[in-house]
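Chemist: coords please:
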Amino acid sequence: MNFESRPLGVIPSPPDYRDYRLNQFTDTMKEFPKYYLAPPFKSEDEIPIYDQGNTSMCVAFTGALITEQQEYHETGKFIRMSPGWIYGNRKTGMYMGEGMVPREAWAALCEDGVPYYDDLPITGSFAECYGHVWQKREALKKKALNQKKLSYVAVTLKDADEIRTAIMKCGFINVSIAVYKDFYKVGKDGFLANTSGSIYGYHSVTGVGFFEESGKVYIIIANSWGREYGKNGLCYMPYNYKGIQEIWAITDMQRKVLEANIPAQVIPPGHFVIPYRGLFEAEQAESINWGWNEKGKVYAEAILPPAKRRKISVVEGSKDIVVETLE
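Modeler: The predicted structure follows:
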């Protein structure tokens, strides 16, 4: 089959220092199995492979598949989700055209969720999906919220440990790639190795697992071009593949809360003593604020500079130090 005629539907996400990073939610693991598929799937033949057809819905198909795996793992019941909803559920300020910006898609998925495929069984152009969504958006949104997720997080590129951690801790992940001619020519063994020539466009695929062979780490990729692509719809992508542009995980994990070894001592107006005081100074905090919370406890917070704009908060008498990325 000639896959080169397929539309490519990723509009690359602009850089944004406010993105949550995986390491804000979980520590990077250091030991991994040689082969791993995100549960509850036990073999590659069980992985759902869809065909987006002649549409630009690759991001939406990725989002639907990620949600399917997570819900299947949580409930023990596999139910197909609606990529048509993800593709058409766009609001003012979002890109309005064929293809999707991954960050925008994941923000909407975390805010609104996604309904079952049977509730909106449509694939097509942006105009078609957008029209169907907005005809009955309120009713669909009530159903979609049951599959709402908490956060989307950026995963560091070319970091084999962090990529594998994302799959083991979050499940299926989004991998957005620049498409070179070699991607169209993946053989029945599934291995993708080379990038040569010019870029045809950008495409979204789903990382469903990983393995190590001959000292090299590969991501097991589910494409949305049907089972005639690659190895029964899958391919094996080196973790440091040149074409990878973005990697995102969708998660219900909470952001990490650091724990100090002694309770915080806060002395108005804004002087405080905690073991991490040196962190605030090293990061050249813009300001250190203080006040009282609703329980009458004094709190203190440091706001870090724009390049790493995060808020670090402590409360008098607590050992918890909360780090949040500011919007």
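Chemist: every contact and neighbour count from this point should use C-alpha atoms.
Modeler: Will do.
Chemist: top helix in the chain by residue count?
Modeler: Here the longest helix in the chain is taken by residue count, with DSSP state H as the criterion, and it is helix 58-75.
Chemist: contact partners of that one?
Modeler: For helix 58-75, contacts defined as Cα atoms under 8 Å, 6 or more residues apart in numbering pick out 8-10, 38-40, 48, 50, 52, 77-84, 86-87, 99-102, 105-106, 109, 114, 147, 171-174, 203-206, 224, 250.
Chemist: what's the domain layout of the chain?
Modeler: 3-251, 257-325 (automatic domain parsing).
Chemist: quick check: which of the ones you listed is buried the most?
Modeler: Of all the domains of the chain, domain 3-251 has the most neighbours on average by mean count of other Cα atoms under 10 Å, namely a mean of 19.
Chemist: and the end-to-end length of that domain?
Modeler: Using Cα to Cα, to the nearest Å, the end-to-end distance of domain 3-251 comes out at 32 Å.
Chemist: secondary structure class for the closest residue to Gly88 other than its chain neighbours?
Modeler: Excluding the flanking residues, the one nearest Gly88 by Cα to Cα, 6 or more residues apart in numbering is Tyr130, at 3.8 Å. Remark: Tyr130 carries the secondary structure label helix [criterion: DSSP: H, G, I helix; E, B strand; the rest coil].
Chemist: which residues are in contact with Tyr130?
Modeler: The neighbourhood of Tyr130, defined by Cα under 8 Å, 6+ apart, consists of Trp85, Tyr87, Gly88, Asn89, Arg90.
Chemist: where exactly do the helices run in the stretch 1-150 of the chain?
Modeler: Counting by DSSP state H, counting those that start in this stretch, the stretch 1-150 of the chain has these helices, from start to end: 58-75, 83-88, 102-112, 126-135, 137-144.
Chemist: ok, which of the ones you listed comes nearest Tyr95?
Modeler: Of all the helices of the stretch 1-150 of the chain, it is helix 102-112 that lies closest to Tyr95, at 8.1 Å by Cα to Cα.
Chemist: quick check: angle from that closest one to helix 58-75?
Modeler: Direction vectors for helix 102-112 and helix 58-75, defined by axes from the mean of the first three to the mean of the last three Cα atoms, to 10 degrees, enclose an angle of 40 degrees.
Chemist: how far off centre is helix 102-112?
Modeler: Between the centre of helix 102-112 and the centre of its chain there are 9 Å (Cα atoms, centre = their mean, to the nearest Å).
Chemist: and it with helix 137-144, angle?
Modeler: Going by the same axes, to 10 degrees, helix 102-112 makes 80 degrees with helix 137-144.
Chemist: quick one: average confidence on helix 102-112?
Modeler: Averaging pLDDT along helix 102-112 gives 96.
Chemist: quick one: list the elements packing against that helix.
Modeler: In this structure, helix 102-112 packs against helix 58-75, helix 83-88, strand 151-154, with contacts taken as 3 or more Cα pairs under 8 Å, 6 or more residues apart in numbering; DSSP states H and E.
Chemist: residues in contact with the shortest one: which ones?
Modeler: Residues outside strand 151-154 that contact it (Cα under 8 Å, 6+ apart): 19-22, 106-107, 110, 246-253.
Chemist: same check on stretch 27-47?
Modeler: By Cα under 8 Å, 6+ apart, the surrounding residues in contact with stretch 27-47 are 69, 72-73, 76, 161-162, 164-165, 167-168, 171-172, 208-213, 222, 232.
Chemist: apply 6 Å and report the result again.
Modeler: Stretch 27-47 is contacted from outside by His73, Glu162, Thr165, Gly171, Val208, Gly209, Phe210, Phe211, Glu212, using Cα atoms under 6 Å, 6 or more residues apart in numbering.
Chemist: now, which of those residues lie within strands?
Modeler: In this view, the contacts of stretch 27-47 that belong to strands under DSSP state E are Val208, Gly209, Phe210, Phe211, Glu212.
Chemist: in CSV, list those along with distance to Ser56 and pLDDT.
Modeler: Conversion of those to CSV gives the following (distance: Cα to Cα, whole Å; pLDDT from 0 to 100):
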residue, distance to Ser56, pLDDT
Val208, 21, 98
Gly209, 24, 98
Phe210, 26, 98
Phe211, 29, 98
Glu212, 32, 97
